[in-house]
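**Student:** here is the input, now give the coordinates:
(one chain, ligands or ions: 1)
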Amino acid sequence: MAPKITLYTSYACPWAHRSQIALRELKLAFQTEIIDLKVPRTAEYLAINPRGLVPALVYNDEVLTESAIVSQFLVDAHPSHLEKTSSEPGGALQRARINFFVDTYFSKINSLSYPALKAARGEEKEKAAKTLGDAIVKEIEPLLKDAGPFFGGSERLTLAEVQTASFVIRLLSFGKVDILLPPSFLPALEKDAPNFWKWANALTKEESVTYIWDEKKVTEGTITRLGLNKQV
Ligand SMILES: N[C@@H](CCC(=O)N[C@@H](CS)C(=O)NCC(=O)O)C(=O)O
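**Tutor:** Numbers count the residues shown, from 1 in each chain. As a prediction, this is how the structure comes out:
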């Protein structure tokens with residue numbers, strides 16, 4: 001029997017976006033509850049997720065929180081193209097490779113995004129963006145050498161993209177806005193990280209990644225949240 005699933009989400013949140021991508025890739029039917037993050041969480045929502053964060057997933061009667069765990073749970077509960085099971089031939093190794101890729105993205109890359117976005121325009125931003133771009137070249141580029149177009153030569157998204165795509169689509173969009181990243185950022189990536197460039201552009205065309213994506217709204221919201229609209 002199909003599970004009854006409710007996703008508590010905010011479309012602006014990249015962590016919650018991961019769950020949207022997983023559910024869509026798995027073609028699972030689900031209900032959506034939008035949580036307004038601009039106001040304090042209701043007692044009803046805190047009863048579901050005492051941390052008050054999105055996403056939260058209610059799967060039949062079970063509550064799951066923390067986006068990485070939600071995606072992994074969905075992938076494990078519904079074996080698919082996203083990831084092999086650990087007992088399938090090659091499964092344990094594929095899972096290790098995907099875990100390493102996702103760990104690298106978040107420990108080496110994502111942590112450098114905020115300083116680059118937040119930096120004052122000019123030399124400071126150029127420097128922070130170069131640090132971010134150099135880390136992509138050093139850490140991520142080699143892991144995508146056999147992407148085809150997706151992780152490990154897959155023609156369809158894998159769990160590696162489920163966990164990273166919402167951040168990658170933001171990076172490419174923010175790269176088009178000088179106040180967030182300098183104009184040199186995307187051309188340097190295209191030149192120095194061609195595997196990443198091809199992979200990133202391929203995943204931003206996938207329907208499961210774009211169906212709730214509102215580039216203008218997220219970009220403007222990020223500029224406001226970082227207080228960059230007040231910069232002269
Ligand atoms: N580690 C959490 C992070 C989730 C998270 O930070 N969500 C933000 C929105 S992007 C949130 O709910 N913020 C609400 C708040 O801080 O009040 C996950 O991966 O699920």
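**Student:** average pLDDT for the helix ranked longest in the chain?
**Tutor:** With secondary structure taken from DSSP state H, the chain has its longest helix at helix 159-174. Throughout helix 159-174, pLDDT has a mean value of 98.
**Student:** any residue of that helix touching the ligand?
**Tutor:** No: Helix 159-174 is not in contact with the ligand by Cβ under 6 Å from any ligand atom; minimum separation 9.7 Å. For every residue, glycine as well, the C-beta is placed using N, CA and C.
**Student:** heading C-terminal from that helix, find the next helix or strand.
**Tutor:** helix 185-192 (DSSP states H and E).
**Student:** distance from the chain centre to that next one, please.
**Tutor:** 20 Å (Cα atoms, centre = their mean, to the nearest Å).
**Student:** which residues sit against that helix?
**Tutor:** Applying Cβ atoms under 8 Å, 6 or more residues apart in numbering, the contact partners of helix 185-192 are 116, 129-130, 132-133, 136-137, 141, 172, 175-176, 196-197.
**Student:** how about a cut-off of 7 Å?
**Tutor:** Applying Cβ atoms under 7 Å, 6 or more residues apart in numbering, the external contacts of helix 185-192 come out as 129, 133, 136-137, 175, 196-197.
**Student:** so the protein: which segments form each domain?
**Tutor:** Following automatic domain parsing, one gets these domains for the chain: 5-77, 91-230.
**Student:** so can I have a markdown table of those domains showing mean neighbour count?
**Tutor:** Formatted as a markdown table, the domains of the chain follow (neighbours: other Cβ atoms under 10 Å):
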| stretch | mean neighbour count |
| --- | --- |
| domain 5-77 | 17 |
| domain 91-230 | 17 |
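**Student:** please produce JSON lines containing these, extended by distance to Glu83.
**Tutor:** Output for the domains of the chain, formatted as JSON lines (distance: least, Cβ to Cβ, whole Å):
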{"stretch": "domain 5-77", "distance to Glu83": "5"}
{"stretch": "domain 91-230", "distance to Glu83": "4"}
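**Student:** of the contacts of helix 185-192, which is the nearest to Ile109?
**Tutor:** Ile136 (5.9 Å; Cβ to Cβ).
**Student:** which residue, other than its chain neighbours, is closest to the most centrally placed residue in the chain?
**Tutor:** Closest to where the C-alpha atoms of the chain average out (Cα atoms, centre = their mean) is Ser166, at 2.8 Å. Leaving aside its sequence neighbours, Ser166 sits nearest to His17 (Cβ to Cβ, 6 or more residues apart in numbering; 3.5 Å).
**Student:** tell me the SS of the one you found?
**Tutor:** helix (DSSP: H, G, I helix; E, B strand; the rest coil).
**Student:** ok, the one 3 residues further on next?
**Tutor:** With three-state DSSP as the basis, the three-state label of Gln20 is helix.
**Student:** hang on, the earlier thing: who are the packing partners of the longest helix of the chain?
**Tutor:** Here helix 159-174 touches helix 14-25, helix 67-77, helix 91-104, helix 194-203, helix 215-225, going by 3 or more Cβ pairs under 7 Å, 6 or more residues apart in numbering; DSSP states H and E.
**Student:** contacting residues for the closest residue to Phe101 other than its chain neighbours?
**Tutor:** Closest residue to Phe101 apart from its sequence neighbours, by Cβ to Cβ, 6+ apart: Ala160 at 4.8 Å. With contact set as Cβ under 7 Å, 6+ apart, Ala160 has these partners: 98, 101-102, 151.
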